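1. build the 3D model from these lines:
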Amino acid sequence: MNTLYIDYTHSVPRRQAKVHGGGNYTRTLLVNILRYLEDSGSICKIVVLWPKDYLPNSDVEKSIYESKGVEILSVDASIDKIDYEPGATLFLPLLGVKEFPLLKLLKKKKINTVLTIHGLRLLDYKIDLYNIDYVAGLLAKTKALIQELTLPVRQAVYKYSIKKYTKYADTIITVSNYTLARMAKYCHINKVLLQFQGTYLEANDSYNDKFGKSEDYILFVSGNRSEKNLARTIDAYKHYLKCSEKKMPLYVVGTSAQTRKALTRSLKLD
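-> Below is the predicted model:
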């Protein structure tokens with residue numbers, strides 16, 4: 001019987017981002033696998049690598065953790081230290097580029113790896129001093145400024161890591177045509193597959209309840225994360241209001257009072 005290991009240690013909610021698309025992707029995948037196993041009667045063994053001392057904090061996580069269709073393996077060290085079964089496959093649904101050296105370590109252990117690459121947006125970043133407004137305090141702003149000015153160096157390291165380590169993955173899944181096109185430059189296209197990312201809404205209809213179901217509006221989420229580009233979005237929205245006959249409102253969620261104050265000042269908003 002083949003064994004499929006699925007890493008959840010890199011997908012748990014983090015303090016700075018309790019809800020993020022990569023984590024939702026992993027949970028959606030696990031829920032769908034459980035449904036498939038139940039409907040098909042497959043005897044494939046599924047082992048979820050679960051971070052030690054982490055307890056489920058949502059109904060979806062609880063349903064995965066308590067499911068009889070999977071085996072939960074508590075992990076308290078790097079997942080390359082696990083004694084995998086011979087011929088097993090490890091699926092890495094969320095792995096940051098900084099952690100790509102893990103692929104080389106797993107290859108040495110002769111583990112078949114499947115990696116999802118969600119996006120390569122750092123490659124498209126440009127120096128933007130608006131990003132300094134997302135942090136408070138002189139020290140934090142100084143670090144943000146240094147990060148912006150060293151962007152070309154970070155991008156070069158990013159490209160190097162992708163080219164060097166993706167060759168150790170047996171299969172790569174991308175979730176968009178954009179990422180697929182980007183990856184075609186860095187690895188053999190035969191090992192890259194396209195699978196559009198599904199959604200699994202753990203929340204309720206609070207957005208519709210708050211904003212009105214019949215109203216057309218633009219929704220911007222994760223406004224506190226500089227990489228989401230809220231400042232430039234608001235700047236573009238100001239131009240939209242000037243030239244468009246239909247004035248759809250823009251709703252922004254996920255911002256702090258400090259971010260709102262700083263962007264209001266920088267963008268000269270009323």
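2. how much space between residue 24 and residue 118?
-> 11 Å (C-beta to C-beta, to the nearest Å). Quick note: C-beta positions are derived from backbone N, CA and C, even for glycine.
3. looking at the protein, which helix or strand is least sure?
-> helix 206-211 (a mean of 55; mean pLDDT, DSSP states H and E).
4. right, and the helix or strand after it?
-> Later in the chain than helix 206-211, the nearest helix or strand by DSSP states H and E is strand 218-220.
5. can you pull out the low-pLDDT segments for this protein?
-> Low-confidence segments of the chain, defined by pLDDT under 70: 1, 15-19, 41-42, 189, 197-214.
6. which other helices and strands contact the longest helix along it?
-> Identified as the longest helix of the chain according to DSSP state H is helix 21-40. Contact partners of helix 21-40 among helices and strands, from 3 or more C-beta pairs under 8 Å, 6 or more residues apart in numbering; DSSP states H and E: strand 3-7, strand 45-51, helix 59-65.
7. so where do the strands sit in the stretch 51-200 of the chain?
-> Taking DSSP state E, counting those that start in this stretch as the criterion, the stretch 51-200 of the chain carries its strands at 71-75, 89-92, 112-117, 171-174, 192-194.
8. tell me where the stretch 151-270 of the chain has helices.
-> Assigned by DSSP state H, counting those that start in this stretch, the helices in the stretch 151-270 of the chain fall at 151-165, 177-183, 206-211, 230-243, 257-266.
9. quick one: closest of those helices to residue 63.
-> Comparison of these against residue 63 by C-beta to C-beta identifies helix 206-211 as nearest, at 21.2 Å.
10. how many residues are close by the spatially closest residue to residue 145 that is not a sequence neighbour?
-> Excluding the flanking residues, the one nearest residue 145 by C-beta to C-beta, 6 or more residues apart in numbering is residue 132, at 5.8 Å. By the criterion of other C-beta atoms under 10 Å, residue 132 has 18 neighbours.
11. over to residue 48?
-> Using other C-beta under 10 Å, residue 48 has 22 other residues around it.
12. so who does it touch?
-> Residue 48 sits next to 5-6, 8, 30, 64, 70-73 when contact means C-beta atoms under 8 Å, 6 or more residues apart in numbering.
13. who are the contact partners of the nearest residue to residue 128 once chain neighbours are set aside?
-> Nearest non-adjacent residue to residue 128, counting by C-beta to C-beta, 6+ apart: residue 148, 6.8 Å away. Going by C-beta under 8 Å, 6+ apart, residue 148 touches 127-129, 131-132.
14. change it to 7 Å
-> By C-beta atoms under 7 Å, 6 or more residues apart in numbering, the contact list for residue 148 reads 127-129, 131.
15. residue 260 - how many residues pack around it?
-> So residue 260, with other C-beta under 10 Å, has 15 neighbours.
16. go on, residue 57?
-> Applying other C-beta under 10 Å, we find 11 residues neighbouring residue 57.
17. separation between it and residue 23?
-> To residue 23, residue 57 is 11 Å away according to C-beta to C-beta.
18. identify the contacts common to those two.
-> Common contact partners of residue 57 and residue 23 (C-beta under 7 Å, 6+ apart): residue 13.
19. distance-wise, check the closest residue to residue 266 other than its chain neighbours relative to residue 88.
-> Among residues not flanking residue 266 along the chain, residue 133 sits closest, at 5.2 Å (C-beta to C-beta, 6+ apart). According to C-beta to C-beta, residue 133 stands 47 Å off from residue 88.
20. compare these two (neighbour count), which wins?
-> Neighbours were tallied for residue 133 and for residue 88 using other C-beta under 10 Å; the higher tally belongs to residue 133 (21 against 17).
21. surely that one touches residue 264?
-> No - contact between residue 133 and residue 264 fails when scored by C-beta atoms under 7 Å: they sit 9.6 Å apart.
22. ok, the residue nearest to residue 145 - contacts?
-> Contacts for residue 132 (C-beta under 7 Å, 6+ apart) come out as 141, 144-145.
23. just residue 266 next, same as before
-> Per C-beta under 7 Å, 6+ apart, neighbours of residue 266: 130, 133, 231.
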